[in-house]
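**Student:** Quick check, what structure comes out for this input:
(2 chains)
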Amino acid sequence: DGGITQSPKYLFRKEGQNVTLSCEQNLNHDAMYWYRQDPGQGLRLIYYSQIVNDFQKGDIAEGYSVSREKKESFPLTVTSAQKNPTAFYLCASSIRLAGGPGEQFFGPGTRLTVL
Amino acid sequence: DQQVKQNSPSLSVQEGRISILNCDYTNSMFDYFLWYKKYPAEGPTFLISISSIKDKNEDGRFTVFLNKSAKHLSLHIVPSQPGDSAVYFCAAWGGTGNQFYFGTGTSLTVIP
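**Tutor:** Residues are numbered from 1 along each chain as shown, chains lettered A, B, ... in the order given. Below is the predicted model of the structure:
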């Protein structure tokens, strides 16, 4: 089955530790995205990548880093510089269609809790 | 600055009636709009989209209306069903960054 997988579903880390969230897709999509969702807020864009070996900062990139070495994979590292890392993290991918961006397909999300 | 806004955080509707979810945007460069449905602890799933060259798109019980002059779109669900209870996000695409911008969501409860 084609889709997006994120692992793990729940993640706990101590304050001051870096942590990497995995995102893999087998949809052959060029573009991939990382969002953060907090209670009462919409999805806020952290980073996105339109093509392998290229990525762009979103609205809230501070304290995060990404890499896009393979088309299928777009891992997100939450660094110790991120002041409030506890949140629900969503990865998505999309394909560009004629006349529009095409829908985004989302993974199931990772709930990160920093203790 | 929030470029896509959903001013109603919640909405309750009786089963069988119409649900109307609203969304406003500020950037006239947006040229594609989407609605997503989200259950707790899951990723959003795509519902329906509309290009800025259209003013209506229909898919089964779901219809999206776009009013470009008012920078407003709405999602109509008719008839509403209890399984429609979820958080609905509108999203816009375009602008200088070619990225998606999401609203804050509206939690819909359909009462049996």
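**Student:** buried ones in stretch B:11-21?
**Tutor:** B:L11, B:V13, B:S19, B:I20, B:L21 (16 or more other CB atoms under 10 Å in any protein chain shown). Glycine gets a C-beta too; all of them are placed from N, C-alpha and C.
**Student:** Okay, and the beta partners of the fourth one?
**Tutor:** I take that to be B:I20. Beta-bridge partners recorded for B:I20 (DSSP bridges): B:H76.
**Student:** And the closest residue to chain B within chain A, how far from A:S94?
**Tutor:** Proximity to chain B, evaluated over chain A using CB to the nearest CB, is greatest for A:F106 at 3.2 Å. A:F106 sits 10 Å away from A:S94, going by CB to CB, to the nearest Å.
**Student:** Over to A:G63?
**Tutor:** A:G63 is 25 Å from A:S94, by CB to CB.
**Student:** A:I46: what's its closest spatial neighbour, skipping adjacent residues?
**Tutor:** The shortest distance from A:I46 to any non-neighbouring residue, by CB to CB, 6 or more residues apart in numbering or on different chains, is to A:W34 (4.3 Å).
**Student:** Does that neighbour lie in a helix or a strand, and which?
**Tutor:** According to DSSP states H and E, A:W34 maps onto strand A:31-37.
**Student:** Report the buried residues of whatever helix or strand comes next after that strand.
**Tutor:** Following strand A:31-37 in sequence order, the next helix or strand is strand A:43-51 (DSSP H and E). Neighbour counts over strand A:43-51 (16+ other CB under 10 Å) mark A:L43, A:R44, A:L45, A:I46, A:Y47, A:Y48, A:S49, A:Q50 as buried.
**Student:** what do you get for stretch A:7-15?
**Tutor:** For stretch A:7-15, by 16+ other CB under 10 Å, it's A:L11, A:R13.
**Student:** Would you mind measuring the gap between the ends of that stretch?
**Tutor:** In stretch A:7-15, first residue to last residue: 20 Å (CA to CA, to the nearest Å).
**Student:** Quick one: distance of it to the chain centre.
**Tutor:** Using CA atoms, centre = their mean, to the nearest Å, the mean C-alpha position of stretch A:7-15 is found 14 Å from that of the whole chain.
**Student:** pLDDT of it, averaged?
**Tutor:** Confidence over stretch A:7-15 (mean pLDDT, whole number) is 90.
**Student:** before we move on, the earlier item: any idea which of the buried residues of stretch B:11-21 is closest to B:L75?
**Tutor:** Comparing the buried residues of stretch B:11-21 against B:L75 with CB to CB places B:L21 closest, at 4.5 Å.
**Student:** how many other residues sit next to the residue nearest to that closest one when sequence neighbours are not counted?
**Tutor:** Using CB to CB, 6+ apart and skipping the chain neighbours, the partner closest in space to B:L21 is B:L75 (4.5 Å). B:L75 has 23 neighbours, counted by other CB atoms under 10 Å in any protein chain shown.
**Student:** quick one: pLDDT of B:L75?
**Tutor:** Predicted confidence (pLDDT) at B:L75: the value is 98.
**Student:** now swap in the one 5 residues further on and tell me
**Tutor:** According to the model's per-residue confidence, B:S80 sits at a pLDDT of 98.
**Student:** Tell me how many other residues surround the residue nearest to A:I46.
**Tutor:** Residues lying near A:W34 (other CB under 10 Å) number 28.
**Student:** Out of the helices and strands in chain B, which is least certain?
**Tutor:** Lowest by mean pLDDT, DSSP states H and E among the helices and strands of chain B is strand B:99-102, with a mean of 87.
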